[in-house]
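Colleague: Just the structure for this:
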Amino acid sequence: MLTITKHAIAFQNSISQCFESQGSRCDLNAWRGAGADTAPLVFDVMNCELVLQTAAVVCPMGGSGMAAGGSFIFTIDPNPGSCGDSTAEPSG
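Modeller: Numbering: from 1, shown residues only. Down below sits the predicted model:
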């Protein structure tokens, strides 16, 4: 099970994490670039999960999206290899 840790993210900044499973890695990213409020915000975990699950189903090679009215763009990028492996080929 994936655990998402919440952090306040400043406007025009992002947070990312790499996860490994079954010989593959997956880079997850939350970018704070939308909305009128420029104060640091904590993203809604349910919105994050919804967008990432939808992107994974619609586009197994990765994708991104934003919940309606949201302030974050969430990205999922699966690749072969392991986290920290600079030789892994980017998907897309």
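
Colleague: Quick check: which ranges of the protein have low pLDDT?
Modeller: Low-confidence segments of the chain (pLDDT under 70): 1-6, 86-92.

Colleague: any idea which element Cys48 lies in?
Modeller: Element membership for Cys48, per DSSP states H and E: helix 45-58.

Colleague: Which neighbouring elements make contact with that helix?
Modeller: strand 63-65, strand 72-80 (3 or more CB pairs under 8 Å, 6 or more residues apart in numbering; DSSP states H and E). Bear in mind the C-beta positions are built from the backbone N, C-alpha and C, glycine included.

Colleague: could you redo the last one with a cut-off of 10 Å?
Modeller: Applying 3 or more CB pairs under 10 Å, 6 or more residues apart in numbering; DSSP states H and E, we find helix 45-58 packed against strand 24-32, strand 63-65, strand 72-80.

Colleague: angle of it against strand 24-32?
Modeller: Relative orientation of helix 45-58 and strand 24-32, computed by axes from the mean of the first three to the mean of the last three CA atoms, to 10 degrees: 130 degrees.

Colleague: about what we covered before: need the helices and strands packed on helix 45-58 in TSV (columns: mean neighbour count).
Modeller: Shown next, in TSV, are those (neighbours: other CB atoms under 10 Å):
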stretch	mean neighbour count
strand 24-32	19
strand 63-65	18
strand 72-80	20
